[in-house]
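>>> My questions are about this predicted structure, shown below with the sequence.
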Amino acid sequence: MPACQTSLGNMMKPPKAWAVSLPLAGHLVSFMVAGIWRDYARQYGAIAINLDDYRRISNDHRITDAALWLAPHVHTAQFVQSLRQRLPGASHIEIKDSSEIRSTALHVFDRSFAVTYLLEGIAIAIGLFGVGASFSMQASARSREFGVLRYIGATRRQIGTMLALEGAWLGLLGVLAGLVLGLGIALILIYIVNPQSFHWTMSLHMPWVLLAVVAPTLVASASLAALASARQAMSAGAVRAVREDW
């Protein structure tokens, strides 16, 4: 394999010196692992050896694969067609574009996680519905309290602000609990489930921008849901609410 792949392995140093024995040229040859990198092209991983070292040990000078970097102005499809016309036995050669492989992989991942995104949307809708239903029942039970507040001088706007703040605090509590539980589940999936079930690892990436947008949106949505659900209770007259209290 090319030497550049060995240098790529230096990006992730192993915690200690590892030795591995490989069958080359009819006998086992010991190597020291210089580094580890993530390669999602192979499910069970691969070992990269310096090309000169491999040829010197195995006396195998065959080339089984090659990577080409095209100039920015070169069209990929035209280059592949021209290359197939010039290479002997081109029908037995498989040529893949890295961007095509990447787009195919991302499409598979997006299709696999489409159900997850749908479930996330359903969970958010159910949560907001629960907030609205809860505040609707509370507002109905607290109608006398609102009437007394109105009777002593509180305006509907002030009562609505109070309910909106209560909904916002409830939404903030739910967001914080969701962040903690979600992070815990993510750590379990990344560092426990993936290595045991799929035999590969991945790095942890926190979507800070998405979280910064979604978290305030959910808090504001909970506040609006609470305010909308309690609107009917706030519309009751102060005198009638106080009279019912007696």
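Arrived safely, thanks for sending.

>>> tell me which residues of the helix ranked longest in the chain are tucked away?
The single longest helix within the chain, with elements called by DSSP state H, is helix 156-188. Under the neighbour-count criterion of 16 or more other CB atoms under 10 Å, helix 156-188 has 159-160, 162-164, 166-168, 170-172, 174-175, 178 buried. Every C-beta, even on glycine, is put in place using the N, C-alpha and C of the backbone.

>>> Could you export those as CSV, including distance to residue 122 and pLDDT?
Formatted as CSV, the buried residues of helix 156-188 follow (distance: CB to CB, whole Å; pLDDT from 0 to 100):
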residue, distance to residue 122, pLDDT
159, 32, 82
160, 29, 83
162, 30, 87
163, 26, 85
164, 25, 87
166, 25, 88
167, 21, 88
168, 23, 91
170, 20, 88
171, 18, 89
172, 22, 93
174, 16, 90
175, 17, 92
178, 15, 91
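
>>> Adding distance to residue 138, write these out as a markdown table.
Conversion of the buried residues of helix 156-188 to a markdown table gives the following (distance: CB to CB, whole Å):
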| residue | distance to residue 138 |
| --- | --- |
| 159 | 13 |
| 160 | 14 |
| 162 | 12 |
| 163 | 9 |
| 164 | 13 |
| 166 | 9 |
| 167 | 10 |
| 168 | 15 |
| 170 | 11 |
| 171 | 15 |
| 172 | 18 |
| 174 | 16 |
| 175 | 20 |
| 178 | 22 |
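
>>> Specify which member of these is nearest to residue 91.
Using CB to CB, residue 178 is the member of these that lies nearest residue 91, at 54.4 Å.

>>> okay, now the domains of this protein?
According to automatic domain parsing, the chain is divided into the following domains: 3-67, 113-245.

>>> Which of those sits closest to residue 77?
domain 3-67 (17.8 Å).

>>> and the gap between residue 34 and residue 201?
From residue 34 over to residue 201 the distance is 19 Å, taken as CB to CB, to the nearest Å.

>>> The two: who's more crowded?
Taking other CB atoms under 10 Å, residue 34 and residue 201 do not tie; residue 34 has more neighbours (15 against 11).

>>> per-residue confidence for that one?
Residue 34 carries a pLDDT score of 84 in this model.

>>> How about residue 21?
In this prediction, residue 21 carries a pLDDT score of 87.

>>> Likewise for the one 5 residues further on?
Per-residue confidence at residue 26 stands at 83 (pLDDT).

>>> Burial check on it, number of neighbours?
6.

>>> I'd like to know how far it sits from residue 52.
Residue 26 is 20 Å from residue 52, where distance means CB to CB.

>>> other SSEs contacting the longest helix of the chain?
helix 114-141, helix 143-151, helix 208-229, helix 231-234 (3 or more CB pairs under 8 Å, 6 or more residues apart in numbering; DSSP states H and E).

>>> what is the mean pLDDT for the longest one?
The pLDDT scores in helix 114-141 average 83.

>>> Could you check it and say which residues are buried?
Result for helix 114-141 [16+ other CB under 10 Å]: buried residues 127, 128, 131, 132, 135, 136, 138, 139.

>>> chain center to it, what's the gap?
Counting by CA atoms, centre = their mean, to the nearest Å, helix 114-141 is centred 23 Å from the centre of its parent chain.

>>> With stretch 63-80 instead?
With CA atoms, centre = their mean, you get 32 Å for stretch 63-80.

>>> what mean pLDDT does it have?
Across stretch 63-80, the per-residue pLDDT values average to 84.

>>> Give me the contact list for stretch 82-92.
93, 95 (CB atoms under 8 Å, 6 or more residues apart in numbering).

>>> Just the endpoints, please. Distance across it?
This stretch, stretch 82-92, spans 15 Å end to end (CA to CA, to the nearest Å).
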